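give me a model of this one.
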Amino acid sequence: MKANTHFAFFDEGSKKEIRRATLKAVAIPGYQVPFASREMPIARGWGTGGLQLTLSLIGQTDVLKVIDQGSDESVNAVSIKKLVQDTTGVQLTECTEEADIIQSRHRIPECSLTKEQILVLQVPIPEPLRAIEEREYMTKRMHAEDDYSGAWLMLFEQIMKFGKTATTADHPVSVHDRYVMAPSPIPRFDNPKMDHSEALILLGAGREKKIYAVPPYTSVKSLAFEDYPFTVESFEGAHCHLCGAVDVFLDELIDHEKGATIYQCNDSAYCIEQLNKQEKVEVESTYA
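Have a look, this model is predicted:
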């Protein structure tokens, strides 16, 4: 930890204020809790909400993992890890199973999370009704009155225009059969991972000054009509060209040498873990 800085960057008063907002968010699943978003040494829109949650919760013995769209080595992930480690000295990891706190942008890891873990999601726009209603006081009123007809109308219009719902990410979800929530720009593929997750899921929007949460074992249902059920991205018949994984979120790539389409695990750490497991099995079988 660098000298002349508070542990985890913030003073204790700032941490307590963020923790109080976090506790309220956990107590009211899916409800957006306003908080006094702090100025950070990174630009708003680059994960300040998630970073403030991480810095307010992390302890000296915690192990941290940060990913950006499935990658542990993107500029955003590396910059956040450096700030947290420089101000805390905590251990970093790329292995999902080793992490106590996982901060992520646009993805939920492929490995199932446990009750000992906290997933922190970075959120650009926390209000699921913003595309329908620009006025903040009106969206608050709509949430209070359980009025989500606008969200349903948005999905209905997509079906009428495209023959299906056209949300590719940030598909709205109903939390605990009460509040409709923006799950952050995770792909539709990741929405089911929120439902009854063992891990605590925290979502932070620094620019919009909102914190909300999905407590462990909480019902999370993606909005859908009975005759047009919610579906996730399909990778049927495809597999990762490196580790062979199926039933995971895959990136579509072009093999320029062969002129063919190939697929690769979006979660880079998961792919490496699968390759390591395969190598271990091969070594054990060789000496068996």
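
leaving aside the residues adjacent along the chain, what's closest to Val214?
Nearest non-adjacent residue to Val214, counting by C-beta to C-beta, 6 or more residues apart in numbering: Ile201, 4.1 Å away. (Glycine included, C-beta is placed from N, CA and C.)

any figure for the gap between Ile58 and Gln103?
The gap separating Ile58 from Gln103 is 10 Å, by C-beta to C-beta, to the nearest Å.

more neighbours, those two?
Gln103 (28 against 23; other C-beta atoms under 10 Å).

if we can go back for a sec, shared neighbours of Ile58 and Gln103, anything?
Contact criterion C-beta atoms under 8 Å, 6 or more residues apart in numbering; residues shared by Ile58 and Gln103: Leu64.

isn't the residue nearest to Val214 right up against Met194?
Yes. Judged on C-beta atoms under 8 Å, Ile201 makes contact with Met194 at a distance of 6.2 Å.

just want to know which of these two has more residues nearby.
Neighbours were counted for Ile201 and for Met194 using other C-beta under 10 Å; Ile201 has more, 27 against 23.

for the stretch 1-150 of the chain, what are the low-confidence residue spans?
1-4 (pLDDT under 70).

how about the helices in the chain?
For the chain, helices defined by DSSP state H occupy the ranges 12-27, 48-57, 75-88, 136-144, 149-162, 191-194, 268-286.

now tabulate these in TSV and tack on distance to Glu252.
Below are the helices of the chain laid out as TSV (distance: least, C-beta to C-beta, whole Å):
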stretch	distance to Glu252
helix 12-27	36
helix 48-57	27
helix 75-88	22
helix 136-144	36
helix 149-162	20
helix 191-194	20
helix 268-286	15
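
just the ones you listed: most buried one?
Highest mean neighbour count among the helices of the chain (mean count of other C-beta atoms under 10 Å): helix 48-57, with a mean of 25.

quick one, that helix and helix 12-27 angle?
If you take axes from the mean of the first three to the mean of the last three C-alpha atoms, to 10 degrees, helix 48-57 sits at 110 degrees to helix 12-27.

how big is the angle separating helix 48-57 from helix 75-88?
Using the same axes, to 10 degrees, the inter-axis angle of helix 48-57 relative to helix 75-88 is 30 degrees.

hmm, back to that, list the residues that contact both of Ile201 and Met194?
Residues touching both Ile201 and Met194 (C-beta under 8 Å, 6+ apart) are Val214.

so what's the residue at minimal distance from the centre of the chain bridging to?
Nearest to the mean C-alpha position of the chain, by C-alpha atoms, centre = their mean, lies Leu121 at 3.8 Å. For Leu121, the beta-bridge partners are Ser104, Leu203 (DSSP bridges).

tell me the contacts of it?
By C-beta under 8 Å, 6+ apart, the neighbours of Leu121 are Gly50, Gln103, Ser104, Arg105, Ile108, Pro183, Ser184, Ile186, Ile201, Leu202, Leu203, Gly204.

check contacts around the last one.
When the contact criterion is C-beta under 8 Å, 6+ apart, the partners of Gly204 are Thr48, Gly49, Gly50, Leu51, Gln52, Leu53, Val120, Leu121, Gln122, Val123, Lys210, Ile211.

how about the second one?
The neighbourhood of Gln103, defined by C-beta under 8 Å, 6+ apart, consists of 47, 50-51, 53-54, 64-67, 80, 120-122.

dump those into TSV; add distance to Ile254 as well.
Listed next are the contacts of Gln103 as TSV, based on distance: C-beta to C-beta, whole Å:
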residue	distance to Ile254
Gly47	30
Gly50	32
Leu51	34
Leu53	37
Thr54	36
Leu64	34
Lys65	30
Val66	28
Ile67	24
Ile80	30
Val120	33
Leu121	30
Gln122	29
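
for Asn266, state which of the residues you listed is nearest.
Within those, the smallest distance to Asn266 is 9.9 Å, found for Ile67 (C-beta to C-beta).

am I right that the closest one is in contact with Ala269?
Yes. Applying C-beta under 8 Å, one finds Ile67 in contact with Ala269, separated by 7.3 Å.

overlap in contacts of the two?
Counting by C-beta under 8 Å, 6+ apart, the common neighbours of Ile67 and Ala269 are Pro109.

so where do the strands sit in the stretch 101-250 of the chain?
Along the stretch 101-250 of the chain, the segments classed as strands by DSSP state E, counting those that start in this stretch run 101-105, 118-122, 173-175, 179-181, 200-205, 210-214, 220-222, 250-255.
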